[in-house]
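Chemist: please work out how this folds:
(4 chains)
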There are 4 protein chains.
Amino acid sequence: MPHRPARQQFASDNLAGICPAALQSMLDADASGHQPAYGDDVWTQKSTDMLRELFQTDCDVYYVFNGTAANSLALASLCQSYHSVICSPVAHIETDECGGPEFFSNGSKLLVAEDDSDAARQGKLTPDAIEHMVTRRRDIHYPKPKVVSITQATELGTVYGVDEVRAIAAIAKRRQLKVHMDGARFANAVATLGVHPSEITWRAGVDVLCFGGTKNGLAVGEAIVFFDRELATDFAWRVKQAGQLASKMRFISAPWVGMLENDNWLRNARHANAMAQRLYQAIQRVPGVHVLHPPQANAVFAQLPATAIARLHAAGWKFYEFIAGGGCRLMCAWDTQPETVDAFAADLAAACDAAA
Amino acid sequence: MPHRPARQQFASDNLAGICPAALQSMLDADASGHQPAYGDDVWTQKSTDMLRELFQTDCDVYYVFNGTAANSLALASLCQSYHSVICSPVAHIETDECGGPEFFSNGSKLLVAEDDSDAARQGKLTPDAIEHMVTRRRDIHYPKPKVVSITQATELGTVYGVDEVRAIAAIAKRRQLKVHMDGARFANAVATLGVHPSEITWRAGVDVLCFGGTKNGLAVGEAIVFFDRELATDFAWRVKQAGQLASKMRFISAPWVGMLENDNWLRNARHANAMAQRLYQAIQRVPGVHVLHPPQANAVFAQLPATAIARLHAAGWKFYEFIAGGGCRLMCAWDTQPETVDAFAADLAAACDAAA
Amino acid sequence: MPHRPARQQFASDNLAGICPAALQSMLDADASGHQPAYGDDVWTQKSTDMLRELFQTDCDVYYVFNGTAANSLALASLCQSYHSVICSPVAHIETDECGGPEFFSNGSKLLVAEDDSDAARQGKLTPDAIEHMVTRRRDIHYPKPKVVSITQATELGTVYGVDEVRAIAAIAKRRQLKVHMDGARFANAVATLGVHPSEITWRAGVDVLCFGGTKNGLAVGEAIVFFDRELATDFAWRVKQAGQLASKMRFISAPWVGMLENDNWLRNARHANAMAQRLYQAIQRVPGVHVLHPPQANAVFAQLPATAIARLHAAGWKFYEFIAGGGCRLMCAWDTQPETVDAFAADLAAACDAAA
Amino acid sequence: MPHRPARQQFASDNLAGICPAALQSMLDADASGHQPAYGDDVWTQKSTDMLRELFQTDCDVYYVFNGTAANSLALASLCQSYHSVICSPVAHIETDECGGPEFFSNGSKLLVAEDDSDAARQGKLTPDAIEHMVTRRRDIHYPKPKVVSITQATELGTVYGVDEVRAIAAIAKRRQLKVHMDGARFANAVATLGVHPSEITWRAGVDVLCFGGTKNGLAVGEAIVFFDRELATDFAWRVKQAGQLASKMRFISAPWVGMLENDNWLRNARHANAMAQRLYQAIQRVPGVHVLHPPQANAVFAQLPATAIARLHAAGWKFYEFIAGGGCRLMCAWDTQPETVDAFAADLAAACDAAA
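Modeler: Numbering: from 1, shown residues only, chains lettered A, B, ... in the order given. Predicted coordinates for the structure are as follows:
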């Protein structure tokens, strides 16, 4: 099957391949011949131990195939069909999982909490918005709020600080809500914050983390980490019933071993973040370019002239436009090369120049 | 992470690793750098075309992560919550998917069709049993039968002949039931029958096939093949919502390319089947061993003396006992070696001798 | 159990009792001794025939217990879990059914279509808003629009004209959406419009109507009327499974006979509407009262001074405030008496006078 | 609408009408004018207090429309989708609710516990059968048992003694299963046993009772009684979402007041039971009639000659045959008259005589 290597792109971090450490672990696991199925293998035990060590706590860990499943199953374990989940208007669970959370929970409603704060404009939930959603009505004719879901890093490339997570967890605790963290890009957030992973999760009040592996360099797979282990009661049955238990589990878990060894997950994230910074530095002063906010993770969000967008697409560059008027998402991955960033920035400058 | 290669075992064909052709395709797909996500890549296109060519028809193909999901989603597309699925008492969907079909369909009932025919004892559904389940009651107080599900090869290591599938499909058509084939070991069945894959599927009246990849040598992944394409209307949304759409799809689909090229899938199946025959030949006359029926696919089912079972387990051999009184399942895989079979057979003979 | 008759109120039309005609039919049905269960009785046959005659078409009719069930089951029959339902932000299915539609459909998402037209301010969906919701995105990462749901009369006491329904149905047809009408107060709308019931339903393009009985004078019960009978395939099983099939069905259906005989349903609605008009006339010029729009059905929506609201509540008057700043809903029922309206209006005037 | 009063029949106790006490309460509730909706009325408060007094405990009570909903919602509150419910092969939840329990729980599997004990032949679950179902497998590939459901009186007209319920509850407790009692004919069981209602429910270890009202003389409605109130957490939301919250609740709850006053519920049940005894005495020695077991509640189960069945049906008598070879269910209701029993018995004797 002939094909030529594609150049790195800026459409999404899930366009990248498998990072070397993860691949090597998978190959090692394969070389080990017959191994027990359904997670009774040494690789699954090892990666789980490593995650517990990473988070410095005796958490419950489950591996599933993708982010939709991770988030949906985690949320389903936190609420019943007549409960609701408070999230941001740009939350992936609301905008891009095709009703997965509603499906797995058999009907739980997502309550989009809007406010006009700066934080909200940066894609973040705020304690005030949560408080409003919990208190505006409490009657039985409306699903009862039970969970707060935050995305770390957010869908707009920003990162919640430790204080922000703590403030959200505090209001959640007061209102008897559980705290779910969609960590599809959790690694990028930790890389940015420079804190211990425990600081931004359970020590800040997070009950369940969906730790993203795919965007960080795996072929397939996310880890659901229950810091409140009681919430994971019978969760193994839930995973199995929901079609998320791999029979040859080692091929899902072994790559996590490679990823977690030597802080490769953090190295990958730091690199992607650095590429976003490089891109930001290169384009922020280009006339016609309006960067929405300085990147805090691995994406730059910017408004570009329509003709520049067209030229860049025509030149083969891939990225998403999704904000009216030219707002584009430029996403960097673990394998994005500086030269690619520079080449794109140069093409962008030329395209803007032509558009002017 | 130190470990020693495990010897091949007889517990399940999902204890085996990745076959070389599938692995090579995955590595090729990885080497291709950034690629479109969610199936818009060349590998997904290629494998889908190959499946259409394999079946000689313009079928709809979807890749999902495992067999529970494949079967459950396929069944959910064939029936509503108040419908029912007729299956054999030993059907995997009934006995080993933790209520997955009921979950994905939001409540469809599995109707276990029992009869005391020879076919039933071999794990097969029969037209008579189906007819009985459809006609015994038709009132609205009981879920309306809508689907017949057959497993090919069956859970007891037998294989439906073309005539048997046709007879089932005929009664299904007359009773307005759709026909679903759980093909977790479809390859082994085709290898045994020596017929064209189309002969035992759509040409015989099958509407949807879940074509198993994992047990045939993939790391992860099954293909849902809709021969009746109307049944696949909006199925892409269903797959996405159900958490079964891989973002880095190429790592699920590319291995199918390797598997389908040069008939590797069939080669793998033939090998596994041959190993089961070798095992059967080696043990059928051992005193104390009672083989339930000659193997038709890649498993031998046999009753063994309890003490022999204990000795074999103590010696490190892994296999399942699941029929009262000593019935054991001895499953061969794509990578089971003749020497392993011979060594096991020798140990078995010794164990039986000691038991006598 | 001692109690004194409560005075009529303005909180909701479901605070009223059973209208005489419906009660008499129920008593007749009771007097008839043993009768077949589950709808095989003469009353169910009779009321169904009357509904077919009323709508001048051979529709399929199912009786369920309440509006949540009627709407949720009707919607579930129109879409799968990965589909979505376009509705107004004030739609009862969105705001007051506790996620019933999501539950019965196993996850279908309600898409709230907002726009800033006058029609939207009156609680109506518009063709433009529908078009926007259908076209803004069509990818598989978001539930696919499949149904438009409109409430007739609306939750804000307005009524869609025949042309408005036709325009919505036209855009729905073009976009392959089914049209559902939540007719909890369908009778009030027909009374207002003065058109034949068929004109505002199937002749205008409505596929399914949930015809409200409770608010019109029944004790319990709504009728689901499928004008597109194909959509009702196997619906009897759905109703049974969902716990909505009455065993002693005659007590649900017989009251419909009484209601439909002699146009009692229309008489009840006309009376309730007239009372709303009377109330409107009485209060619209009271200083401090700001009526939001002239009533088109059986409710007046008005902003009242906070102190006036408090005085009225203190005096024992019941009604809901639900719009910030004093917007109150004053709902009239089939049994609301002119004297009650006049007494309330007088108290209101006095309360506003005191508030000034 | 002309019709002639039907004679009492033996098809089902849900063919009967409304008992006078229940009807009078409903009429009283209607005469009370406008009343708060959704259960905030005096009748709902009153009937709930009466149920608490009846059971001598501070239980949580919810009123729903029918038995399918009562059982399904109760079970859904006891288990998640990946759990299972152990029941008898003749349990109504398994055989006649069209998959309602599976639907409301989003997939919980019913595990039919069969054994060949005398108790099982009388339609009862036994501790041994439960123990077998719990212990035969415990892996995650099969739904985890979480609930035991027993029907009191059973579907075969027998009644669990206090000791039997206690023994079941003991094994349930040991295996961490909740105990659900389907009490569609609970009144008949209490009438037979002559014990205090608390003795056969919570004092014997029952967690949730679905107390049937319809078959005991109501028009519509069952009460779900949670003895373990923690299991009812947020249950009001569940009821609302599931379409089981009556807006004009008083018409569901007031009849319970009438029923519970002066032990009318028990009087109704005693009468129905007495009629079954009268029927049993009248037919047990008729040649050709084989009564399966002496009636313990309000039904007689008997094998009759096929020609006798045909003659009786031709004469207008209605009853169900549902056991191969002539087993018929002859059900008595709260309003079955002695003369009707005698007339039927006479016709039966004549029909059997003719058949001989």
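Chemist: from here on, just use CA atoms for contacts and neighbour counts.
Modeler: Fine.
Chemist: please identify the buried residues of stretch A:9-24?
Modeler: Using 16 or more other CA atoms under 10 Å in any protein chain shown as the test for burial, stretch A:9-24 gives A:9-19, A:21-24.
Chemist: packing partners for the lengthiest strand in chain A?
Modeler: Across chain A, the strand with the greatest residue count (assigned by DSSP state E) is strand A:144-151. Strand A:144-151 sits against helix A:67-78, strand A:83-87, helix A:127-135, strand A:178-183, with contacts defined as 3 or more CA pairs under 8 Å, 6 or more residues apart in numbering or on different chains; DSSP states H and E.
Chemist: C-alpha coordinates for the helix or strand following that strand, CSV please?
Modeler: Downstream of strand A:144-151, the first helix or strand assigned by DSSP states H and E is helix A:162-174. C-alpha atoms of helix A:162-174 as CSV (Å, rounded to 0.1, in the frame of the first residue of the first chain):
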residue,chain,number,x,y,z
VAL,A,162,-4.8,24.9,41.5
ASP,A,163,-6.7,27.6,43.2
GLU,A,164,-9.4,27.6,40.6
VAL,A,165,-9.9,23.8,40.8
ARG,A,166,-10.0,24.1,44.6
ALA,A,167,-12.6,26.8,44.5
ILE,A,168,-14.8,24.7,42.2
ALA,A,169,-14.3,21.7,44.4
ALA,A,170,-15.3,23.7,47.4
ILE,A,171,-18.6,24.8,45.9
ALA,A,172,-19.2,21.3,44.7
LYS,A,173,-18.6,19.8,48.1
ARG,A,174,-21.0,22.4,49.7
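Chemist: so what does helix A:162-174 touch, helix or strand wise?
Modeler: The contact analysis (3+ CA pairs under 8 Å, 6+ apart) places helix A:162-174 against helix A:127-135, strand A:178-183.
Chemist: for chain B, find the nearest of these.
Modeler: Among the helices and strands packed on helix A:162-174, strand A:178-183 comes nearest to chain B, with 14.8 Å by CA to the nearest CA.
Chemist: touching that closest one from outside, list them.
Modeler: Strand A:178-183 is contacted by residues A:71, A:74-75, A:78, A:146-153, A:169, A:172, A:205-212 when judged by CA atoms under 8 Å, 6 or more residues apart in numbering or on different chains.
Chemist: give me that answer again for 7 Å
Modeler: By CA atoms under 7 Å, 6 or more residues apart in numbering or on different chains, the residues outside strand A:178-183 that reach it are A:71, A:78, A:146-153, A:169, A:172, A:206-212.
Chemist: what's the spacing between it and its chain's center?
Modeler: Chain-centre distance of strand A:178-183: 11 Å, with CA atoms, centre = their mean, to the nearest Å.
Chemist: give the next helix or strand downstream of it.
Modeler: That would be, after strand A:178-183 and using DSSP H and E, helix A:186-193.
Chemist: what is the mean pLDDT for that following helix?
Modeler: Looking at helix A:186-193 alone, the average pLDDT works out to 98.
Chemist: ok and it relative to strand A:178-183, angle-wise?
Modeler: Counting by axes from the mean of the first three to the mean of the last three CA atoms, to 10 degrees, helix A:186-193 points 90 degrees away from the direction of strand A:178-183.
Chemist: contacting residues around helix A:186-193?
Modeler: The contact list for helix A:186-193 (CA under 7 Å, 6+ apart) reads A:152-153, A:159, A:197, A:211-212, A:265-266, A:269-270, A:273, A:296-298.
Chemist: what parts of the stretch 101-250 of chain A come near chain B?
Modeler: A:219-220, A:240-243, A:246-248 (CA under 7 Å from any CA of the partner chain).
Chemist: give the contact list for residue A:10.
Modeler: A:318-319, A:330-332.
Chemist: how is chain A divided into domains?
Modeler: What automatic domain parsing lists as the domains of chain A is A:20-262, A:265-355.
Chemist: give me the neighbour count for residue A:105.
Modeler: 28 (other CA atoms under 10 Å in any protein chain shown).
Chemist: just give the closest residue to it, not the sequence neighbours.
Modeler: Closest residue in space to residue A:105, ignoring its immediate chain neighbours: residue A:76 at 4.6 Å, by CA to CA, 6 or more residues apart in numbering or on different chains.
Chemist: distance of that neighbour from residue A:180?
Modeler: Going from residue A:76 to residue A:180 by CA to CA, to the nearest Å gives 11 Å.
Chemist: between these two, which has more neighbouring residues?
Modeler: Neighbour count, other CA under 10 Å: between residue A:76 and residue A:180, residue A:180 has more, with 26 against 21.
Chemist: give me the buried entries from the residues of the stretch 101-250 of chain A next to chain B.
Modeler: In these, burial by neighbour count holds for A:219-220, A:240-243, A:246-248, counting by 16+ other CA under 10 Å.
Chemist: quick one on the thing from earlier: closest to residue C:278 out of the contacts of helix A:186-193?
Modeler: Looking at the contacts of helix A:186-193 and their distance to residue C:278, the nearest is residue A:152, at 56.6 Å (CA to CA).
Chemist: with adjacent residues omitted, what lies nearest to the residue of the stretch 251-356 of chain A found nearest chain B?
Modeler: Closest residue of the stretch 251-356 of chain A to chain B, CA to the nearest CA: residue A:251 (6.4 Å). Leaving aside its sequence neighbours, residue A:251 sits nearest to residue A:26 (CA to CA, 6+ apart; 5.7 Å).
Chemist: that neighbour: helix or strand, and which one exactly?
Modeler: Secondary structure assigned from DSSP H and E places residue A:26 in helix A:20-31.
Chemist: stretch A:186-199 spans what distance, first to last residue?
Modeler: End-to-end distance of stretch A:186-199 (CA to CA): 13 Å.
Chemist: so which bits of it are buried?
Modeler: Under the neighbour-count criterion of 16+ other CA under 10 Å, stretch A:186-199 has A:186-193, A:197-199 buried.
Chemist: nearest to residue B:91, of those residues?
Modeler: Among the buried residues of stretch A:186-199, residue A:186 lies closest to residue B:91 (CA to CA), at 40.8 Å.
Chemist: residue contacts, the residue in the stretch 151-300 of chain A positioned nearest to chain D?
Modeler: Here the residue of the stretch 151-300 of chain A nearest chain D is residue A:237; by CA to the nearest CA that distance is 5.1 Å. Contacts for residue A:237 were tallied using CA under 7 Å, 6+ apart; they are D:82, D:140.
Chemist: same check on the one 5 residues further on?
Modeler: For residue A:242, the contacting residues are residue B:100, taking CA under 7 Å, 6+ apart as the criterion.
Chemist: residue A:225 too?
Modeler: Contact partners of residue A:225, counting by CA under 7 Å, 6+ apart, are A:59-62, A:208-210.
Chemist: gap between residue A:350 and residue A:307?
Modeler: From residue A:350 across to residue A:307, the span is 11 Å (CA to CA).
Chemist: let me fix that: residue A:245
Modeler: 47 Å.
Chemist: so which of those two has more stuff around it?
Modeler: Using other CA under 10 Å as the criterion, residue A:245 and residue A:307 rank with residue A:245 on top: 28 against 15.
Chemist: with adjacent residues omitted, what lies nearest to residue A:202?
Modeler: residue A:227 (6.2 Å).
Chemist: hang on, isn't that neighbour packed against residue A:204?
Modeler: No: in this structure residue A:227 lies outside contact range of residue A:204 using CA atoms under 7 Å: 11.2 Å.
Chemist: between those two, who's got more neighbours?
Modeler: residue A:227 (24 against 18).
Chemist: and stretch A:29-44 with chain B, contact?
Modeler: Yes: residues of stretch A:29-44 are located near chain B by CA under 7 Å from any CA, namely A:30, A:32-37.
Chemist: just the buried ones among those residues, please.
Modeler: Among those, those classed as buried by neighbour count (16+ other CA under 10 Å) are A:30, A:33-37.
Chemist: so which of these comes closest to chain C?
Modeler: Distance to chain C across these (CA to the nearest CA) is lowest for residue A:37, with 31.4 Å.
Chemist: ok, that closest one touching residue A:247?
Modeler: Yes: counting by CA under 7 Å, residue A:37 touches residue A:247, with 5.2 Å between them.
Chemist: so where's the stretch 51-200 of chain A uncertain?
Modeler: Scanning the stretch 51-200 of chain A for pLDDT under 70 picks out nothing.
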